[in-house]
Every structure is written in structure tokens, then in C-alpha cells.
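K.L.:
Following is a predicted model, sequence given first.
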Amino acid sequence: MSSSDSEFGFLDEIETSADEYEPSSSSDSVEESVVPRVLKRKAPVDSRKWRAAVQKENIASGKSHITKKGMLIGPRKTGRDCKCKFGCFTKFTDAEKKKKKNHLIKRFNAIGEKTKQDTYLLALISSRAALPPRRPLTQNPGNQRRRNFVNEYRIKNALGSNIRVCRKAFASLQGISVKRVELLAKLSNSGKTLSPTENRGKHHNRPRAIPSALTELVAYHIEGFPKEQSHYSRSDNSCKHYLSADLNVTKMYELFLEKYKDNQEAQRIKYDFYYRFFKANFNYGFGSPRTDTCQTCDSMQNELKNPDLVESRKNELITLKNVHLAKAQAFYDELKSFSKTAEETVDVDVLSFDYQQNLPLPHVPAGDVFYKRQLWVFNFCIHSAKTRKAYFFMYDEATGKKTPNEPISFLDYYFKNLMDKDVKTLYLFSDNCAAQNKNSTLPFFLNKTAEERKIKILHHYPEPGHSFLPCDRAFGQIEKKKRLKERVYTPEEYCKIVKQSSKSFEVIAVQQSAIFDYKSYYEQSFKKLTINDRKVKFQISKLRKILYDGNGQVQCSTNHWMEPATVQSYKIKEKNMSSSSRSDIRLQQAYSSQLPIPSAKYADVMSLVKKYVPHSHHDYYDALLASQDTSAEPRPESEED
């Protein structure tokens with residue numbers, strides 16, 4: 001029996017203190033050695049792209065630009081006619097004049113650098129000693145201004161002859177200012193140099209500059225904070241380290257001032273400088289508080305911190321930890337590699353699936369909510385690496401539970417309605433949660449799927465505690481969007497939040513009729529997987545890979561490399577029964593009616609509804625049913641120990 005589109009309701013209406021952290025050069029962690037500051041977070045600075053540098057280049061190239069005062073200056077062009085007594089502009093024919101002037105501007109712009117342009121202009125300027133005046137121009141010769149040099153300016157015509165022009169014409173034909181010509185003429189007359197240099201901004205009078213001794217003090221302070229690598233991935237971020245989640249740059253700066261409060265020079269350091277220095281010179285981040293860390297890592301790390309630990313045991317622990325981390329990394333390496341293959345290959349897809357942390361209803365910012373039990377909304381995600389889309393199957397606890405039946409029902413719907421028909425190789429990645437993803441029911445379903453669709457399915461499980469999947473990134477986006485919404489009263493509102501979190505998210509509202517009892521169906525139809533021909537017991541909790549090729553055989557491995565010594569084969573066998581008895585076994589719906597809410601929880605939910613939920617949403621809560629069972633709620637499922 002298969003599910004149909006009508007069984008999943010698509011939501012068409014959804015729119016789209018200083019002593020706390022005393023920096024120390026010592027480290028409690030094996031990996032907390034000082035990181036060289038050459039491993040910066042930022043790319044090398046390209047000063048050519050600075051706004052001032054771009055503006056300077058545009059000016060030299062004669063392009064239009066905006067000044068620091070916001071004025072728009074057009075491209076370089078020929079200036080006005082000098083109209084002097086020598087008739088400089090008349091020394092060119094009309095056709096030659098237009099061509100020559102345009103040619104001069106283009107040739108000057110092509111030089112593209114001010115100092116080279118000045119050298120070029122100096123070659124066109126010559127000077128000679130001025131002749132003494134024939135008669136005094138004033139009655140008092142001592143007050144007479146006398147030129148010591150006479151400058152001559154020349155421009156080549158179309159025939160290559162040098163034509164003498166006046167200073168104003170020289171500036172106009174080059175599209176530059178007369179002041180610039182005057183400065184070059186003075187430089188030529190001084191006899192100091194024939195190669196002008198740009199000295200603006202190159203002085204060393206900078207009284208506010210931070211001495212190198214202070215920058216080293218800041219660096220020493222930052223390096224003193226304990227740091228560690230990412231819990232999940234180390235190969236891609238080998239240079240990236242993380243400080244405590246309780247720290248930030250502001251607190252680090254305050255600790256710096258507190259530590260060096262008796263150092264007057266250190267008090268010169270301002271927050272802006274500390275912040276820029278931290279960002280530019282350290283590839284550090286701030287870790288989030290970790291609530292789902294690896295028990296193996298934590299246990300070994302805690303033992304390694306023991307000061308009385310003997311050297312042999314310490315070396316053994318370090319080796320075990322490195323092997324453990326290598327196994328964890330192998331999972332991520334394969335996820336990355338297969339995902340890239342899926343993007344480039346038509347018949348390959350990679351799916352990761354997982355449940356999000358339960359979403360509470362009603363969600364209100366009231367203090368007493370923390371002391372009340374709330375209604376849960378479940379959100380199951382299937383992420384495709386081929387399409388880079390995520391599909392979310394959402395339902396509340398009155399509709400379904402979190403048993404093996406729900407994930408298998410959603411996977412079955414995805415295979416039949418959403419997955420590309422050309423897929424022949426399917427890679428699955430999930431965590432080790434026994435209730436949903438790692439149980440005795442799922443192998444029967446995946447084997448049947450591989451047989452019916454004639455495809456190969458390889459299911460990957462991570463090392464416990466190292467199960468960060470693409471689904472978790474999607475859940476992070478949802479949580480970020482959820483924090484912006486102060487109040488949520490119904491599942492539909494959660495659906496809208498998910499939909500609005502990303503354009504690549506698609507929400508499917510699950511109806512109870514779409515959840516089937518696969519667990520009972522397979523228990524009636526197939527023999528339980530126990531031991532194989534080698535007398536090896538089937539223990540799914542220890543497996544890291546399971547291969548389904550559709551021939552009734554499942555290949556299982558306890559490591560991520562599927563080494564021959566670790567691979568065991570198990571035969572899926574049907575139970576012995578008559579054909580009529582087998583035909584009586586049908587896939588039934590998992591639930592025949594709305595699921596009741598435990599009475600204690602129901603009372604808490606309704607008390608919150610009465611206080612905080614608007615009357616327009618009361619219909620949803622009024623439809624809930626209370627259970628007569630007063631037992632405590634079941635403990636939430638977790639990954640394998």
C-alpha cells in the first residue's frame with residue numbers, strides 16, 4: 001500500500017567579571033597550543049582597491065571621479081583656447097587640431113601614473129637664463145621683481161616637429177591645470193631632479209601611532225586565552241580555533257584594561273584598535289555552548305586533564321582519541337564527497353534526514369511557561385544534496401509520535417513523489433537515534449525500496465556525538481527565524497516560520513492518514529535479523545554502514561571504510577506462511593484516531609491557553625483530547641550510548 005499526495009496536506013496558504021577569565025599562556029587542552037598569528041582570518045589587503053587609491057588612479061587616467069567633497073569631476077578634456085598674441089591654437093590646422101588635441105589627451109591618459117606623467121611633461125619643458133631688462137621698470141631698482149629663468153613649452157605636431165606654445169596652451173592641450181605646469185617648471189628650474197616623486201602622505205610625523213611594543217602586548221593578551229578546535233570538523237578548519245562561548249571582543253578588551261591597569265601606555269589602547277587587531281590578525285571564533293557533545297571525546301579529554309596521569313596511559317589516550325576523530329572525520333569526508341558527486345551526476349542523490357528539537361506550543365515569553373508542560377510540534381527534515389532543497393514534514397503530538405513508523409512513512413513519500421526517477425545510487429546519512437533512524441524496522445524498508453526501484457542504497461551512520469548534518473544547518477536557520485517571532489500559537493505558524501527561513505525550504509503538513517504502521521507490517525512478514533552464516537550476531541547499534549543492493553542481502557560494516565574484516569552479510573528472509581495468510585497482511589495506518597494528550601500535560605497546556613492565547617486560536621486547543629493515563633511522559637529518545 002502506498003501513500004498518496006492527498007494524505008500530506010501541502011500548506012498552500014503559507015507565504016512564502018575580570019577574574020573569571022584570566023588569560024594564561026598555559027592550556028588545559030591537548031590542542032590548545034598558541035596559534036601562529038600568520039594564520040589570519042582575512043585575505044591579504046589589496047591597497048589598490050582602497051577608495052583613495054581608486055580615485056587617484058581615475059584622476060591620473062583622466063576618468064570621471066567624485067572628490068572627497070562629493071563633487072563629480074568629468075573626464076579629462078582639452079581646455080580653453082589661450083587666445084594669446086602668439087596664436088598657439090592657430091598653429092594647427094582645423095582637422096589636425098581636433099585630431100592632435102584628442103591624440104594628446106589619449107597619450108597623456110595612457111601613462112596612467114602621476115609621477116610618470118610629470119616626468120613626461122618635464123621633458124617638454126625647457127628653461128634658460130633670463131636676459132637682464134633693458135631699462136628699470138621702477139624708480140627703485142631694489143624693489144624690482146626679476147625673473148631668473150625663462151621657461152619654454154613645446155608640443156609636437158603631426159609631422160613630429162616641436163611647436164612652441166605658451167604655458168596656458170600647454171596646460172589646455174594636455175587637459176591639466178596651469179598650477180601643475182607652474183610647479184613642474186619650478187622643479188625644472190631648481191636643478192634638483194628631473195624625476196619628480198610623490199611625497200604626499202609619506203612623512204613620519206605620526207604622534208598618535210600605536211608603538212609596536214603595545215601591539216605585541218595586545219597580541220600576547222589575545223594569545224593567552226584558552227582555545228580549541230571545532231568539535232565537528234577539523235580538516236577543513238585546521239587554522240580556525242574557538243574561544244570560550246562566554247567571551248566576546250568587548251569582554252576581552254575589558255579584561256585587557258583590567259590586567260594592565262597599572263600600565264599607562266596600555267591604557268592608550270582603544271576598543272576600536274583592539275577589535276580591528278583581533279579581526280585582522282587572529283583566525284578565532286567564539287564557540288557556542290555545546291549540549292550534544294561526544295561522550296567518548298569528553299571522557300578521554302577529562303582523563304587527559306588528570307595531572308597524575310602516567311605517560312603511557314596519556315599516549316594511549318591520545319592515540320585512541322586521534323583514531324576516534326579520524327572515524328568521525330571519515331563520515332564528514334564521505335558526506336562532502338558524495339554530495340559533490342550528486343550535484344554533478346544525474347543518477348546519484350544524497351539524502352540526510354533528522355528530527356529538529358521539539359517545538360513548543362504555545363510559545364510565549366512568560367516566566368511561568370518554564371514550569372509548565374507544553375504541546376510538542378515535531379519537524380522531520382529530509383535534505384537533498386542534488387537539489388539543495390530541504391523538505392520538512394511537520395505535525396503535532398496529537399497527530400503522530402516519533403516511532404520508526406513516522407520517518408519511514410516520510411521517506412517512502414519522498415522516494416515516490418519527490419526523488420528524481422533517474423536516481424540509481426542513493427546515499428543516506430542520519431544520526432544514531434535508535435527510535436527513528438537506527439532500528440530493526442528500517443533495514444526491511446530500505447531493502448524493499450532497493451528491490452522495487454532497482455537501486456543501490458548505502459546508509460551511513462556517524463560516530464555518536466559527531467552527527468552534524470545539513471539538516472542541522474537548516475534547523476539553525478529556522479531557530480534564527482523563530483527567535484524573531486515572540487509568540488507562536490498554532491502549528492500553522494511554525495510552518496510559516498520554516499517556509500520563511502529559506503527559499504529552498506518546502507513544508508509538508510502531515511495528516512494522520514499518511515503515517516503507516518511499517519513496524520507491525522514487517523514483523524508479520526519477515527524473520528528478525530539475528531545471526532548470519534558465520535554465526536555473527538546482527539547488532540545494528542554497532543554498525544556504521546549498511547548496503548542494500550535489492551537482492552535480499554544486506555552488507556554491514558562496523559567502520560566507515562568497510563574493510564573486508566569488518567563486513568558481514570545478512571539475508572533478509574520472509575516468514576514461512578501460506579499464500580493466503582501472506583495476502584492477508586496489509587500495510588495499515590499507524591493511528592486510527594486522534595492521539596490523546598497525557599492528562600497532566602493537557603491541564604498545563606490549557607492553563608497556558610487560558611492566560612496567553614488569543615480566542616481566535618482557541619479552536620485548535622479545544623479540539624485536543626486528554627488521556628486518562630496519569631503516568632509520566634516517556635523519556636525523549638537519544639543517540640546510542
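P.N.:
Looks like it arrived, so ask away.
K.L.:
Quick check: residue 47 vs residue 209, distance?
P.N.:
Going from residue 47 to residue 209 by CB to CB, to the nearest Å gives 18 Å. From N, CA and C alone the C-beta is placed, and that goes for glycine too.
K.L.:
again, but for residue 273
P.N.:
Residue 273 is 11 Å from residue 209, by CB to CB.
K.L.:
do residue 529 as well
P.N.:
For residue 529, the distance to residue 209 - CB to CB - is 73 Å.
K.L.:
The two: who's more crowded?
P.N.:
residue 529 (19 against 9; other CB atoms under 10 Å).
K.L.:
And that one, which helix or strand is it part of?
P.N.:
Assigned by DSSP states H and E, residue 529 belongs to no helix or strand.
K.L.:
can you check residue 155 too?
P.N.:
Secondary-structure element containing residue 155, defined by DSSP H and E: strand 149-156.
K.L.:
Name every strand pairing with that strand and say which way it goes.
P.N.:
Strand 149-156 has the following strand partners under DSSP bridges: strand 125-129 (antiparallel), strand 162-165 (antiparallel).
K.L.:
how about these, which one is nearest residue 361?
P.N.:
Between residue 361 and the strands paired with strand 149-156, the shortest gap by CB to CB is with strand 125-129, which sits at 84.2 Å.
K.L.:
Return the set of buried residues in the closest one.
P.N.:
In terms of neighbour count (16 or more other CB atoms under 10 Å), strand 125-129 has its buried residues at residue 125.
K.L.:
contacts for stretch 58-78?
P.N.:
Here stretch 58-78 makes contact (CB atoms under 8 Å, 6 or more residues apart in numbering) with 55, 101-102, 104-105, 108-109, 111-114, 117, 172-173, 175-176.
K.L.:
Report the distance from it to the chain centre.
P.N.:
38 Å (CA atoms, centre = their mean, to the nearest Å).
K.L.:
for it, how far is the first residue from the last?
P.N.:
One end of stretch 58-78 to the other measures 17 Å (CA to CA, to the nearest Å).
K.L.:
now residue 563: how far from residue 532?
P.N.:
17 Å.
K.L.:
Of these two, which one has the most company?
P.N.:
Neighbours were tallied for residue 563 and for residue 532 using other CB under 10 Å; the higher tally belongs to residue 532 (16 against 10).
K.L.:
what's the more buried one sitting at in phi/psi?
P.N.:
phi -100, psi -170 (degrees, to the nearest 10).
K.L.:
per-residue confidence for it?
P.N.:
Looking at residue 532, its pLDDT stands at 78.
K.L.:
Can you tell me the SS state at the closest residue to it other than its chain neighbours?
P.N.:
Leaving out its chain neighbours, the residue that sits closest to residue 532 by CB to CB, 6 or more residues apart in numbering is residue 570, at 4.9 Å. The local conformation at residue 570, judged by DSSP: H, G, I helix; E, B strand; the rest coil, is strand.
K.L.:
repeat for residue 494
P.N.:
The local conformation at residue 494, judged by three-state DSSP, is helix.
K.L.:
Count the neighbours of residue 548 for me.
P.N.:
25.
K.L.:
hang on, it packs against residue 569?
P.N.:
No - at 11.7 Å, residue 548 does not count as touching residue 569 under the criterion of CB atoms under 8 Å.
K.L.:
Can you check which residues contact both of those two?
P.N.:
Common neighbours of residue 548 and residue 569, counting by CB under 8 Å, 6+ apart, are residue 554.
K.L.:
Just want the most central residue of this protein.
P.N.:
Geometric centre of the chain, nearest residue: residue 473, 10.0 Å, by CA atoms, centre = their mean.
K.L.:
hang on, it in a helix?
P.N.:
Yes - the assignment for residue 473, made by three-state DSSP, places it in a helix.
K.L.:
Buried residues, the lengthiest helix in the chain. List them.
P.N.:
Counting residues, the longest helix found in the chain (DSSP state H) is helix 311-344. By neighbour count with 16+ other CB under 10 Å, helix 311-344 contains the buried residues 317, 321, 324-325, 327-332, 334-335, 338-339, 341-342.
K.L.:
quick one: the longest strand belonging to the chain to helix 311-344, angle?
P.N.:
The longest strand of the chain (DSSP state E) is strand 375-384. Between strand 375-384 and helix 311-344, the angle comes out at 70 degrees (axes from the mean of the first three to the mean of the last three CA atoms, to 10 degrees).
K.L.:
and strand 375-384, average pLDDT?
P.N.:
pLDDT averaged over strand 375-384 gives 94.
K.L.:
again with stretch 331-341
P.N.:
On average, stretch 331-341 scores 87.
K.L.:
Go ahead and name everything in contact with that stretch.
P.N.:
In contact with stretch 331-341 (CB under 8 Å, 6+ apart) are residues 232-233, 235, 348, 350, 352, 385, 427, 429, 460-463, 466, 468-469, 544, 560.
K.L.:
where does that stretch sit relative to the chain's centre, distance-wise?
P.N.:
18 Å.
K.L.:
Mind jotting down where the helices sit in the stretch 351-500 of the chain?
P.N.:
With helices called from DSSP state H, counting those that start in this stretch, the stretch 351-500 of the chain shows them at 405-417, 441-453, 470-482, 491-501.
K.L.:
For residue 285, find the nearest of those helices.
P.N.:
helix 470-482 (14.9 Å).
K.L.:
tell me the phi and psi of the closest residue to residue 614 other than its chain neighbours?
P.N.:
Closest residue to residue 614 apart from its sequence neighbours, by CB to CB, 6+ apart: residue 489 at 7.1 Å. Main-chain dihedrals, residue 489, degrees, to the nearest 10: phi -110, psi -30.
K.L.:
What is the burial count for residue 489?
P.N.:
For residue 489, the number of neighbouring residues by other CB under 10 Å comes to 20.
K.L.:
And it, how far from residue 603?
P.N.:
Using CB to CB, residue 489 is found at 18 Å from residue 603.
K.L.:
likewise residue 627?
P.N.:
According to CB to CB, residue 627 and residue 603 sit 11 Å apart.
K.L.:
Surely residue 465 and residue 294 touch.
P.N.:
Yes - counting by CB under 8 Å, residue 465 does reach residue 294; the two are 2.5 Å apart.
K.L.:
Helix or strand: which one has residue 509?
P.N.:
Assessed by DSSP H and E, residue 509 sits inside strand 505-510.
K.L.:
CA-only coordinates of that strand in CSV, if you can.
P.N.:
What follows is strand 505-510, C-alpha atoms only, in CSV (Å, rounded to 0.1, in the frame of the first residue of the first chain):
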residue,chain,number,x,y,z
PHE,A,505,12.6,25.1,2.3
GLU,A,506,9.4,23.3,1.5
VAL,A,507,6.9,22.5,4.2
ILE,A,508,4.5,19.5,4.2
ALA,A,509,1.8,19.4,6.9
VAL,A,510,1.4,15.8,7.8
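K.L.:
which other helices and strands contact that strand?
P.N.:
Here strand 505-510 touches strand 8-10, strand 389-396, helix 491-501, going by 3 or more CB pairs under 8 Å, 6 or more residues apart in numbering; DSSP states H and E.
K.L.:
For residue 406, which of those is the nearest?
P.N.:
Of all those, strand 389-396 comes closest under CB to CB, at 7.9 Å.
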